[in-house]
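1. Let me see the structure of the following:
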Amino acid sequence: VQLQASGGGLVQAGGSLRLSCAASGHTFITYNMGWFRQAPGKEREFVAVISWSGGRTAYADSVKGRFTISRDNAKNTVYLQMNSLKPEDTAVYYCAAGLSFGGTPRSYNYWGQGTQVTVSS
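-> Numbering: from 1, shown residues only. Next comes the predicted model:
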């Protein structure tokens, strides 16, 4: 599976962005899909995950109620809708595919290249 993340950019605090992650390959539907982020000088951290069917999701406490993960298996794409953005959301955001429904990077086998999200105060 190859993953291509897009949709990042510069936004003011309180604004919104929608990230997309397009996957190649016919096995997309078999994978749970996650979003992680990494700020400068910090470790990569879990943001959200969605099961292969889309029926189960989980979020980091820091984004719960503000971010929504979804997927369209017909389009081989997973999304991350980010609302009420804060400066502390600034990071490079990565999508990942894995067979486990996990919140740690080691749960994922494939990674996208990352897209920068910058939130100004």
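
2. what's the closest non-adjacent residue to the most centrally placed residue in the chain?
-> Nearest to the geometric centre of the chain sits Trp35, at 2.5 Å (CA atoms, centre = their mean). Excluding its sequence neighbours, the residue lying closest to Trp35 (CB to CB, 6 or more residues apart in numbering) is Val47, at 4.3 Å. Bear in mind the C-beta positions are built from the backbone N, C-alpha and C, glycine included.

3. surely that neighbour meets Phe67?
-> Yes. Checked against CB atoms under 8 Å, the pair Val47 and Phe67 is within contact range at 6.7 Å.

4. So if I had to pick from those two, which one is more boxed in?
-> Val47 (25 against 21; other CB atoms under 10 Å).

5. Quick one: residues contacting that one.
-> Shown in contact with Val47 (CB atoms under 8 Å, 6 or more residues apart in numbering): 34-37, 59-60, 63, 67, 80, 93.

6. rewinding a little: please enumerate the shared neighbours of Val47 and Phe67.
-> In contact with both Val47 and Phe67: 59, 80, using CB under 8 Å, 6+ apart.

7. List the buried residues for stretch 73-93?
-> Neighbour-count burial for stretch 73-93 flags 76-80, 82, 85, 89-93 (criterion: 16 or more other CB atoms under 10 Å).

8. Let me have those residues in JSON lines, extended by distance to Ile29 and pLDDT.
-> Listed next are the buried residues of stretch 73-93 as JSON lines, based on distance: CB to CB, whole Å; pLDDT from 0 to 100:
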{"residue": "Asn76", "distance to Ile29": "8", "pLDDT": "95"}
{"residue": "Thr77", "distance to Ile29": "12", "pLDDT": "96"}
{"residue": "Val78", "distance to Ile29": "11", "pLDDT": "98"}
{"residue": "Tyr79", "distance to Ile29": "15", "pLDDT": "98"}
{"residue": "Leu80", "distance to Ile29": "19", "pLDDT": "98"}
{"residue": "Met82", "distance to Ile29": "24", "pLDDT": "98"}
{"residue": "Leu85", "distance to Ile29": "30", "pLDDT": "98"}
{"residue": "Asp89", "distance to Ile29": "29", "pLDDT": "98"}
{"residue": "Thr90", "distance to Ile29": "32", "pLDDT": "98"}
{"residue": "Ala91", "distance to Ile29": "28", "pLDDT": "98"}
{"residue": "Val92", "distance to Ile29": "27", "pLDDT": "98"}
{"residue": "Tyr93", "distance to Ile29": "22", "pLDDT": "98"}
